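1. okay, predicted coordinates and the sequence, questions at the end:
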Amino acid sequence: MAKFLIVTADDFGLHESVNEAVEQASRAGVLTAASLMIASPASADAVRRAHTLPGLKVGLHLVLADGLARLAPGLIPDLTDARGHMDDRMFARGVRFFAVPSVRRQLEAEIRAQFIAFAETGLVLDHVNVHKHFHLHPTLLEMLLRIGAEFGLDAVRLPKEPLWFSQRYAGWLAGPARAALLRPWLGVMKRRLDAAGVIYNDQVFGIAASGAMDESTLLDIFARLPPGATEIYLHPATRSGAAVAPSMDGYRHADELAGLLSHRVRAAVGELDAGRGGYRDLRARRARGGA
């Protein structure tokens, strides 16, 4: 099986320091994609920059927890506080998504609003993923696929991380435990994506080392890059930690940017026998009989 590599920056639009990092890394050539937080404070700046970066494939990073909603709080009172902020209590939110019809209606409205806002940017939709991998939730995934189909959705991130990486960066106990917990949900997700004709990656790197995807970590991945379609996602920025977002206090954003700009990383990417790009490039390659 041939290799294909997608290197994505998540949280595009969260902060101008993130947008600056995305622009730098895209122009340097390692970063090939970014996932846009369409309702975040610096989203307009991100869109402006994206239009000047023809090599950058941009997708929608749906935010349904730990972030700002697109709709006004009065329209989705069960999803946000009075400031329009959604908390990060994902288990409680997930139970309500499943069990409460009025909450599901508000969730559908917010998902649709974020898709509409992305469409209004004039950017081509490369992919969709969900902040904190919340699309593992079956109810949310069903809405994502159904609503997304109206907006040309044809690629979604599958949060399936190789066990060796999870063990190395999350720990020998935590890695296998996480893999066992996610396995049935990943199976459900794959079946639904296949049924919808939506493509996805074979593996992803970035979960176990979230906020710490520095030069050495990237080189570690490239040394063992598996066959098939691999997505590596990062959170680069020119500033780090709480300066970018309060919930990211321990994130080493600047180290991740340094990794993307590293001459050693750029050389390692150049030596890979792999196609590169975004998910639309992956779909085109598969149509030609590639990865």
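-> Yep, it's here.

2. next, the contact list for the nearest residue to residue 193 once chain neighbours are set aside, please.
-> By the measure of C-beta to C-beta, 6 or more residues apart in numbering, the closest residue to residue 193 outside its immediate chain neighbours is residue 200, 5.3 Å from it. From N, CA and C alone the C-beta is placed, and that goes for glycine too. Under the criterion of C-beta atoms under 8 Å, 6 or more residues apart in numbering, the neighbours of residue 200 are 155, 156, 157, 158, 190, 193, 229.

3. buried subset of these?
-> Taking 16 or more other C-beta atoms under 10 Å as the criterion, what is buried in those is 155, 156, 157, 158, 193, 229.

4. and the closest residue in space to the first one that isn't next to it in sequence, how many residues sit next to it?
-> Nearest residue to residue 155 in three dimensions, chain neighbours excluded: residue 279, at 3.5 Å (C-beta to C-beta, 6+ apart). In terms of burial, residue 279 registers 29 neighbours under the definition other C-beta atoms under 10 Å.

5. and the pLDDT for residue 279?
-> Residue 279 carries a pLDDT value of 97.

6. my guess is residue 178 is in a strand, correct?
-> No: read with DSSP: H, G, I helix; E, B strand; the rest coil, residue 178 is helix and lies in no strand.

7. and it, how far is that from residue 92?
-> With distances taken as C-beta to C-beta, to the nearest Å, residue 178 is found 20 Å from residue 92.

8. look at those two and report which has more neighbours.
-> A side-by-side neighbour count of residue 178 and residue 92, using other C-beta under 10 Å, places residue 178 first with 18 against 11.

9. distance of that one relative to residue 170?
-> 6 Å.

10. okay, and the common contacts of those two?
-> With C-beta under 8 Å, 6+ apart as the test, residue 178 and residue 170 both reach 207, 208.

11. shaky segments in the chain?
-> Along the chain, the model assigns pLDDT under 70 to residues 172-176, 290-291.

12. run the last query once more with 90
-> Within the chain, the ranges that satisfy pLDDT under 90 run 1, 65-66, 86-101, 103, 131-140, 167, 169-186, 246-247, 286-291.

13. run through the strands of it in chain order.
-> For the chain, the strands defined by DSSP state E cover 3-12, 33-36, 57-62, 67-68, 85-86, 125-130, 203-205, 228-234, 275-276.

14. with distance to residue 76 as added columns, please give those in TSV.
-> Converted to TSV, the strands of the chain look like this (distance: least, C-beta to C-beta, whole Å):
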stretch	distance to residue 76
strand 3-12	21
strand 33-36	20
strand 57-62	14
strand 67-68	12
strand 85-86	9
strand 125-130	16
strand 203-205	29
strand 228-234	27
strand 275-276	38
